[in-house]
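# this one's structure only:
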């Protein structure tokens with residue numbers, strides 16, 4: 001027996017180097033395996049020929065793979081700038097886990113908590129800007145409007161941790177944008193997003209609402225939370241009056257990755273192969289955020305990002321692998337993802353619930 005999954009992976013790698021004569025089973029004992037780094041299964045972890053390596057729960061015991069890092073001591077929050085009167089006396093504060101830099105999802109036991117958010121607000125449609133059929137701007141000169149969020153009643157402020165604060169809006173029926181703020185012009189009442197949206201906010205009467213998330217000004221209901229990564233403080237209004245001892249912040253978006261040698265400039269990747277997962281529970285990953293040049297080569301429409309690690313389990317340049325009888329639950333991002341060369345990946349008899357993005 002070994003203490004960690006990664007240590008077992010290294011032992012299997014050594015067996016593969018010597019030359020396998022039979023399949024390998026790695027049995028994982030009951031319990032929670034908390035990761036602070038993605039475990040990567042590569043070419044050296046791939047058995048040759050038709051031999052397989054299967055990582056599975058021991059005798060159907062409950063094996064949980066998670067990146068949830070425990071949040072420590074909570075105390076009552078007092079005199080926090082922006083806190084609403086209705087929330088005073090109800091909000092608790094704790095430090096972020098030391099090994100977590102940022103997160104956009106928080107868990108209490110098996111529950112994904114609700115992030116603080118403002119009421120929805122609307123603005124008139126900007127008829128001066130010509131729009132394409134996609135509702136994007138027609139002319140390049142108007143692209144600045146993809147980053148502008150006008151407001152009227154101080155819904156947006158020049159908070160000191162703007163990169164934590166996200167504007168959420170639905171400019172087209174197939175796409176919900178969640179984009180962090182970069183700057184605010186309070187005089188002219190315009191918030192500037194860090195990245196271009198897929199279409200202008202308030203682009204037509206039917207899809208013309210927005211709201212703000214993750215700032216203490218809007219933490220006004222039981223069950224809500226927010227985080228300020230500048231002060232490294234988490235704020236939470238627990239429904240039961242006091243926070244539980246099982247609140248966790250995710251460290252990773254991606255828990256396990258099977259990855260071959262990716263060769264963008266050649267016709268083929270060299271895939272990792274013959275690696276299986278059975279009877280495991282994957283949970284408590286974070287969701288992705290937009291970043292510069294995220295579009296890359298593009299992917300169908302707008303609802304995912306090309307070649308990006310935003311799923312609990314990811315195959316990136318892989319073939320002849322199986323995922324069976326696993327559960328994917330309570331996470332901010334996707335459950336499983338197949339990128340680039342992905343051939344003969346069998347995904348069967350798994351259970352996916354309460355994930356914040358895609359199933360597969």
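Yep, it's here. No experiment lies behind these values; they were computed from the predicted model shown.
# so what's residue 227 closest to, chain neighbours aside?
residue 234 (4.9 Å; Cβ to Cβ, 6 or more residues apart in numbering). The C-beta positions use only the backbone N, C-alpha and C, and glycine is treated the same way.
# In the sheet, which strands lie alongside the helix or strand that contains that neighbour, parallel or antiparallel?
Residue 234 belongs to strand 233-236 when elements are defined using DSSP states H and E. With DSSP bridges as the test, strand 233-236 is paired with strand 92-95 (antiparallel), strand 224-228 (antiparallel).
# Which of those sits closest to residue 325?
Closest approach to residue 325 among the strands paired with strand 233-236 is made by strand 224-228 (33.1 Å; Cβ to Cβ).
# List the contacts of the closest one.
Strand 224-228 has contacts (Cβ atoms under 8 Å, 6 or more residues apart in numbering) with 96, 102-103, 106, 113-117, 161, 164, 213-216, 218-219, 233-237, 249.
# buried subset of those?
The neighbour-count test (16 or more other Cβ atoms under 10 Å) marks 96, 103, 106, 113, 115-117, 161, 164, 213-216, 218-219, 233-237, 249 as buried among those.
# List the buried residues in stretch 121-132.
Across stretch 121-132, burial judged by 16+ other Cβ under 10 Å covers 121, 123, 129, 131.
# Quick check: mean pLDDT of it?
The average of the pLDDT scores along stretch 121-132 is 89.
# do the same with stretch 138-146
93.
# Can you give the contact residues for that stretch?
126, 129-132, 136-137, 193, 196-200.
# right, and the pair among these with maximum separation?
Using Cβ to Cβ for every pair in these, the one that comes out farthest apart is 130 and 193, at 20.4 Å.
# Residue 245: which of the strands paired with strand 233-236 is closest?
strand 92-95 (11.4 Å).
# Beyond that closest one, next helix or strand please.
Where DSSP H and E defines the elements, the next helix or strand beyond strand 92-95 is strand 107-108.
# I'd like to know how far residue 70 sits from residue 356.
21 Å (Cβ to Cβ, to the nearest Å).
# How about residue 177?
15 Å.
# In terms of neighbours, single out the busier of the two.
Using other Cβ atoms under 10 Å as the criterion, residue 177 and residue 356 rank with residue 177 on top: 22 against 18.
# could you list every residue that touches residue 132?
Each residue near residue 132 by Cβ under 8 Å, 6+ apart is listed here: residue 138.
# quick one, phi/psi of it?
Main-chain torsions, residue 132, degrees, to the nearest 10: phi -80, psi 170.
# for residue 205, same thing?
phi -70, psi -30.
# Also residue 100?
According to degrees, to the nearest 10, residue 100 has phi -120, psi 130.
# what about it, neighbour count?
Counted with other Cβ under 10 Å, residue 100 comes out at 22.
# got it, and residue 287?
Counted with other Cβ under 10 Å, residue 287 comes out at 18.
# picking up where we left off before, the residue nearest to residue 227 is in contact with residue 95, isn't it?
Yes: if you go by Cβ atoms under 8 Å, residue 234 and residue 95 touch, sitting 7.4 Å apart.
# Quick check: which ranges of the stretch 151-300 of the chain have low pLDDT?
293-300 (pLDDT under 70).
# Strands of that one, residue ranges please.
With strands called from DSSP state E, counting those that start in this stretch, the stretch 151-300 of the chain shows them at 166-172, 175-185, 190-193, 209-213, 224-228, 233-236, 247-250, 256-259, 272-273, 275-278, 280-283.
# now for these, which one comes closest to residue 46?
Of those, nearest to residue 46 by Cβ to Cβ is strand 272-273, at 4.7 Å.
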